[in-house]
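[1] pasting a predicted model and its sequence here:
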Amino acid sequence: KAGVTQTPRYLIKTRGQQVTLSCSPISGHRSVSWYQQTPGQGLQFLFEYFSETQRNKGNFPGRFSGRQFSNSRSEMNVSTLELGDSALYLCASSWGNGENSPLHFGNGTRLTVT
Amino acid sequence: DQQVKQNSPSLSVQEGRISILNCDYTNSMFDYFLWYKKYPAEGPTFLISISSIKDKNEDGRFTVFLNKSAKHLSLHIVPSQPGDSAVYFCAASAEYSGGGADGLTFGKGTHLIIQP
């Protein structure tokens, strides 16, 4: 069974630009979550999508947005990039309901903002 | 305010011995706890989880213990192997669904080094 796939693996962008990251969940998983990992803050929750609807949202500014498609694939968008947005962005999928539904992570997209 | 704390940034253990990784939490609403392992340049890999209705869960060499009164959990790895060298993250959720209303709250991680 294929794992969570994130593309691209690496991105370099300039301040002020926007970026779109993509995530394909494990087959059958309906929940997709996004996390940001930085050396200072660790892993922080961005948002979660379930059945094409944003179900939960972390404490990030509106520049961070996402969406989920009918096939459960998800995209995350960051607009007006800032230097502090440089981070590893991790996508995770799960069944999304009930017990014993741990998150399974992809290998991430490393975003560098210059 | 860190709701999940892993107070040991690193831990060194001899191969074959027991590795014990600790995690403390402050939010009494947390009811589902997970451990993840992370190698460099890879995403976290799910290891084992425990719900608040249990105090122990075992899977092969990995056992997680939960002490709700102390708001403390630990991961035991027996016996430790060289491939166990990685960063281990403790995570908690306030809903019994793996993600929860506020997602998973992670600790900052403990770097486990297994010495040959």
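    Received it, and whenever you're ready, just let me know what you need.

[2] so how far is B:Phe30 from the closest residue to B:Asp55 other than its chain neighbours?
    Leaving aside its sequence neighbours, B:Asp55 sits nearest to B:Leu66 (C-beta to C-beta, 6 or more residues apart in numbering or on different chains; 5.2 Å). In short, each C-beta sits where N, CA and C put it, glycine included. Using C-beta to C-beta, to the nearest Å, B:Leu66 is found at 10 Å from B:Phe30.

[3] hang on, the residue nearest to B:Asp55 packs against B:Ile48?
    No. Contact criterion C-beta atoms under 8 Å: B:Leu66 and B:Ile48 do not qualify, at 11.3 Å.

[4] list the buried residues of the helix or strand B:Phe65 falls within.
    Assessed by DSSP states H and E, B:Phe65 sits inside strand B:62-67. Across strand B:62-67, burial judged by 16 or more other C-beta atoms under 10 Å in any protein chain shown covers B:Phe62, B:Thr63, B:Val64, B:Phe65, B:Leu66.

[5] who are the packing partners of that strand?
    The contact analysis (3 or more C-beta pairs under 8 Å, 6 or more residues apart in numbering or on different chains; DSSP states H and E) places strand B:62-67 against strand B:32-38, strand B:45-51, strand B:56-59, strand B:72-77.

[6] mind putting the ones you listed into TSV with distance to A:Gly40 and mean pLDDT?
    As requested, the helices and strands packed on strand B:62-67 are arranged in TSV below (distance: least, C-beta to C-beta, whole Å; pLDDT from 0 to 100):
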stretch	distance to A:Gly40	mean pLDDT
strand B:32-38	17	94
strand B:45-51	23	94
strand B:56-59	32	96
strand B:72-77	24	98
